[in-house]
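Trainee: Sequence below, structure please.
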Amino acid sequence: MRNDKHSSSRKDEVRIGSAHQECIDRAYRIPIFLSTTTHLNDKQQQFLNRLILEIENALLFPRTLPLSESYPESILTDIRRLVSSSYGMLAVNLRRFKIQTNELNEQTTPPTTLPTTPIWEGSVYSQVEPSMAYQFGLPLLLVREEDTDANNGIWAGGIAPVNLFIVWHSETQTVDQFFNTAEWKSAFANWCAQVRNAFYIQTEPTFKYRCE
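Mentor: Coordinates of the predicted model:
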């Protein structure tokens with residue numbers, strides 16, 4: 001009987017200890033805006049799952065619309081609300097639509113050459129959300145699947161700062177290979193440091209005691 005009570009008490013301690021540790025971990029998870037799409041193929045889903053794990057292991061809390069956050073307002077207002085209550089943004093632009101350009105609204109001089117092969121586009125929100133976050137001043141990290149929106153919006157070459165931009169070569173690079181690259185590790189560590197710095201700047205009290 002004594003052994004049963006001891007075993008039960010031990011299980012309770014383990015359960016409470018685990019719950020306590022989970023509470024402690026959550027207390028150190030700084031909220032960030034994870035901008036992505038809900039329409040993913042299997043490989044893209046693997047990539048996103050690994051990315052979320054990387055974020056959580058850095059004790060950051062990924063929030064995204066409409067999966068973890070939802071408000072009874074217009075989409076643009078929802079995005080603004082999430083941006084203003086986060087301390088950083090990590091935007092992932094994955095292949096969504098494969099399109100072919102057939103015609104231009106006007107010709108230029110000399111004539112503009114149309115692409116000969118179809119090109120990939122991502123979600124429209126991959127343009128809106130990072131742009132709003134950058135305007136708000138959030139630390140930004142952009143990850144693009146190869147050839148997605150290569151000539152479109154903020155994902156076009158020369159628009160965003162080079163040190164904020166990483167490309168996943170999905171056709172020749174596995175998910176593990178990408179997350180083991182020095183490029184990813186360096187950019188992610190730098191971004192995490194910026195997020196924590198932004199958190200401390202925003203949450204530091206305005207009053208500081210000092211001796212006159």
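Trainee: Which stretches in this structure count as strands?
Mentor: Secondary structure of the chain (DSSP state E): strands at 30-35, 60-63, 89-93, 97-99, 119-121, 140-145, 165-168.
Trainee: Let's have these in TSV, adding distance to residue 181 and mean pLDDT.
Mentor: From N, CA and C alone the C-beta is placed, and that goes for glycine too. TSV is the format used below for these (distance: least, C-beta to C-beta, whole Å; pLDDT from 0 to 100):
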stretch	distance to residue 181	mean pLDDT
strand 30-35	20	93
strand 60-63	20	92
strand 89-93	16	95
strand 97-99	26	82
strand 119-121	21	83
strand 140-145	12	94
strand 165-168	8	91
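Trainee: Comparing these, which comes out most buried?
Mentor: Neighbour counts (mean count of other C-beta atoms under 10 Å) averaged over each of the strands of the chain peak at strand 89-93, with a mean of 26.
Trainee: name the helices or strands packed onto that one?
Mentor: Under the contact criterion of 3 or more C-beta pairs under 8 Å, 6 or more residues apart in numbering; DSSP states H and E, strand 89-93 touches strand 30-35, helix 42-57, helix 125-136, strand 140-145.
Trainee: again, 6 Å this time
Mentor: On a contact count with 3 or more C-beta pairs under 6 Å, 6 or more residues apart in numbering; DSSP states H and E, strand 89-93 meets strand 30-35, helix 125-136, strand 140-145.
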